[in-house]
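Colleague: this one's sequence-less:
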């Protein structure tokens, strides 16, 4: 990048920068050449950073008032809601913030899938991203346990019991995870500890994620490499920062809509019933963002098989860059892949839907079909389509593609709309 | 190809909705009431909250606890907003166990506004034992803890009916149309004229059910009015700021766009 020769103007700045080049870093971040044709789907990186920081800040305040004890946790949450100044606001931001975080991360991931951002030379960015996603799921799951309501308790019971499916050592591992012979006070305590730890691990990975991004630079909607930085890119600040801020504000409007006017609509009413090991809720369901995986888990009649399939559904994403055999990144120029992309989106929505329904009858059939299709997409369709597909001609450079007269992109855009 | 694909999507979504309707037909949808606290600017009806508290105090509180509320909450803004002296009187009307004193003895004293609502039973087991084995749930967050919220609570209060032929009920179990499973251990408690409203409102069964549901909704979400008020301000602020940032963005990017 072009920031190697950056020199602070002031003497003190130069003195400091020679010892710790923080100012060079800031300068790099400011000037970072960004493709000028990025669309709004590219603003979710910034939005996700905002989500993470919001969760960390509200979480730290909540931890000042929360009590991680099986007898006191539920009451301490009510104390936050009723007696702590603006406690309700902080908690609702935190609980809805988790949902907004996942909403943003799903858009971010699907953007990557559509525009082929995971392909060479950006595989490491993708892998770190999936690691972040995995940690997010762990953090969200443990966070949901903390209020110690019925869904907290039984969700924790169901998920931790998955590990008992491991042959021979499963039972011991589960007991070890619980710190007891069932989900109990020690479980709550360690979940709280880990729930506090994981966000900072995520923060570290986010730094690596951005670092890895800044080596090759951003992918872009046409998916071709930057030819002439002076023509194809804009400096990150102010062009991308202001666009990110605008998108973030729109995102915050939706976020605020949930926090102020429907704060519990994404949660489950059973979680306002204190945890009771003697009473099992009629339907144990995880939060909406974990539902597709829950559907995959329950689609297999065998417990161990279900667990393996569920984890495979996530881990398969790690090798995605090598499953996709197409050299063309952007789905804009891949007429066949584009269709399968939308079928995959639909498939995951269906899986999410049946994950919330009882595992019986038509729902079980749908879950099985959906699960089979999910794996089919990654293991068969992606590699085969990459070989067979006749891709549309790529534009020569980004500036050409941006020009309104460009034939390639305008055709592609029309296609996109039709789909 | 594309037309087929579109059709496929429509068909799958349609069939999904169809099956949902089919399967959810077994549960009776609760009666929908146009509560004053719904919507973006929803507020509680102050008089209804005060009447609802009266119903709670004279009827519900003999079995149901409300352990997360304090008497002082009754005088706080956004709630029933009883006057300070009324709150003191309400608190003083109950007997609170305090202690231990300097002699190590527990003692009884009149309640203070800072006290939590006194539980009708010493513990869950005692409550269950006194109610045929069914524990009357704590009502602090009951409205949030039931699918359907206020509508559901109101519907259950109004949903007592003679059991249809063929339904067998155990002793101490009642038929209720809206209760999950249609069986409930709480007897029908509300009947016309059960309480004497001090504001002259006629205490019909429906009126009492509405009032007490309003009270329970406030108890579950005492922050509701503050939340709605702040929310409207936040939304206006964010929308105005978005417009300003959007215009700034357009201006900034016009430099880039004009280059092309």
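Modeller: In hand now; what should we look at? Keep in mind that this is a model prediction, so the values were computed, not measured.
Colleague: Tell me where the chain has strands.
Modeller: This is for chain A. If you assign secondary structure with DSSP state E, the strands in chain A sit at A:33-35, A:233-235.
Colleague: think we crossed wires, I meant chain B
Modeller: For chain B, strands defined by DSSP E occupy the ranges B:95-98, B:107-110, B:174-175, B:183-184.
Colleague: right, and the ones you listed - which one's nearest chain A?
Modeller: Distances from chain A to each of these were compared using Cβ to the nearest Cβ; the minimum, 14.0 Å, belongs to strand B:183-184. Where C-beta positions appear, they are placed from N, C-alpha and C, glycine not excepted.
Colleague: Identify the residues contacting the closest one?
Modeller: Residues outside strand B:183-184 that contact it (Cβ atoms under 8 Å, 6 or more residues apart in numbering or on different chains): B:156, B:169, B:173, B:174, B:175, B:176.
Colleague: Most widely separated two among the residues you listed?
Modeller: Greatest spatial distance in those: B:156 and B:169, 16.2 Å, computed using Cβ to Cβ.
Colleague: Indicate the residue of chain B located nearest to chain A.
Modeller: Distances from chain B to chain A, computed as Cβ to the nearest Cβ, single out residue B:231 as the nearest residue at 2.6 Å.
Colleague: Tell me which residues touch that residue, please.
Modeller: Taking Cβ under 8 Å, 6+ apart as the contact definition, residue B:231 lies against A:256, A:259, A:260, A:261, B:40.
Colleague: Next, the contact list for the closest residue to residue B:90 other than its chain neighbours, please.
Modeller: Excluding its sequence neighbours, the residue lying closest to residue B:90 (Cβ to Cβ, 6 or more residues apart in numbering or on different chains) is residue B:71, at 5.8 Å. For residue B:71, the contacting residues are B:87, B:90, B:91, B:111, B:112, B:113, B:114, B:115, B:117, taking Cβ under 8 Å, 6+ apart as the criterion.
Colleague: And the pLDDT for residue B:71?
Modeller: What the model reports as pLDDT for residue B:71 is 97.
Colleague: And residue B:208, by the same measure?
Modeller: In this prediction, residue B:208 carries a pLDDT score of 97.
Colleague: Does it touch residue B:201 like I think?
Modeller: No. No contact is recorded between residue B:208 and residue B:201 when judged using Cβ atoms under 8 Å, the distance being 9.5 Å.
Colleague: Settle it for me: which of the two has more neighbours?
Modeller: Summary of the neighbour comparison: residue B:208 and residue B:201, criterion other Cβ atoms under 10 Å in any protein chain shown, with residue B:208 having more neighbours (26 against 14).
Colleague: quick revisit: mark which of the contacts of residue B:71 are buried, thanks.
Modeller: Taking 16 or more other Cβ atoms under 10 Å in any protein chain shown as the criterion, what is buried in the contacts of residue B:71 is B:87, B:90, B:91, B:111, B:112, B:113, B:115, B:117.
Colleague: Now go through the residues you listed and say which are in helices.
Modeller: B:87, B:90, B:91 (DSSP state H).
Colleague: Who are the contact partners of residue 32?
Modeller: Since you didn't name a chain, this refers to chain A. Under the criterion of Cβ under 8 Å, 6+ apart, the contact partners of residue A:32 comprise A:1, A:214, A:217, A:235, A:236.
Colleague: my question was about chain B
Modeller: With contacts defined as Cβ under 8 Å, 6+ apart, residue B:32 is in contact with residue B:151.
Colleague: Phi first, then psi, for it.
Modeller: Reported as degrees, to the nearest 10, the phi and psi values for residue B:32 are phi -90, psi 120.
Colleague: quick one: the nearest residue to residue A:209 once chain neighbours are set aside from residue A:336, how far?
Modeller: Taking Cβ to Cβ, 6+ apart as the measure, residue A:209 lies nearest to residue A:128, with 4.6 Å between them; neighbours along the chain are not counted. Shown here: residue A:128 relative to residue A:336, a distance of 29 Å by Cβ to Cβ, to the nearest Å.
Colleague: Residues of the stretch 101-250 of chain A that sit close to chain B?
Modeller: Proximity of the stretch 101-250 of chain A to chain B is assessed by Cβ under 8 Å from any Cβ of the partner chain, with A:234, A:238, A:239, A:242, A:243, A:245, A:246, A:249, A:250 identified as the residues in range.
Colleague: and residue 80, how many neighbours?
Modeller: Reading this off chain A. Applying the criterion other Cβ under 10 Å, we find 22 residues in the vicinity of residue A:80.
Colleague: think we crossed wires, I meant chain B
Modeller: Around residue B:80 sit 25 other residues, with neighbours defined as other Cβ under 10 Å.
Colleague: coming back round to it: so what sits against both of residue B:208 and residue B:201?
Modeller: Residues touching both residue B:208 and residue B:201 (Cβ under 8 Å, 6+ apart) are residue B:51.
Colleague: Now residue A:295. Nearest residue, chain neighbours left out?
Modeller: Once chain neighbours are set aside, the closest to residue A:295 by Cβ to Cβ, 6+ apart is residue A:355, at 3.6 Å.
Colleague: What pLDDT does the model give the one you found?
Modeller: The predicted structure scores residue A:355 at 94 on the pLDDT scale.
Colleague: close enough to count as contact, it and residue A:287?
Modeller: No. Residue A:355 lies out of contact with residue A:287 (Cβ under 8 Å); the separation is 10.5 Å.
Colleague: Identify the contacts common to these two.
Modeller: Applying Cβ under 8 Å, 6+ apart, one finds that no residue jointly contacts residue A:355 and residue A:287.
Colleague: in the stretch 101-250 of chain A, what residue is nearest chain B?
Modeller: Residue nearest to chain B within the stretch 101-250 of chain A (Cβ to the nearest Cβ): residue A:249, separated by 4.2 Å.
Colleague: So is stretch B:40-56 next to chain A?
Modeller: Yes. Stretch B:40-56 comes into contact with chain A (Cβ under 8 Å from any Cβ), by way of residue B:40.
Colleague: Tell me the buried residues in that stretch?
Modeller: Taking 16+ other Cβ under 10 Å as the basis for neighbour counts, the residues of stretch B:40-56 that come out buried are B:44, B:45, B:48, B:49, B:50, B:51, B:52, B:53, B:54, B:55, B:56.
Colleague: now the residues you listed in a markdown table, with distance to residue A:280?
Modeller: As requested, the buried residues of stretch B:40-56 are arranged in a markdown table below (distance: Cβ to Cβ, whole Å):
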| residue | distance to residue A:280 |
| --- | --- |
| B:44 | 35 |
| B:45 | 38 |
| B:48 | 36 |
| B:49 | 35 |
| B:50 | 39 |
| B:51 | 38 |
| B:52 | 33 |
| B:53 | 34 |
| B:54 | 37 |
| B:55 | 33 |
| B:56 | 30 |
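Colleague: Right, I'll leave it there.
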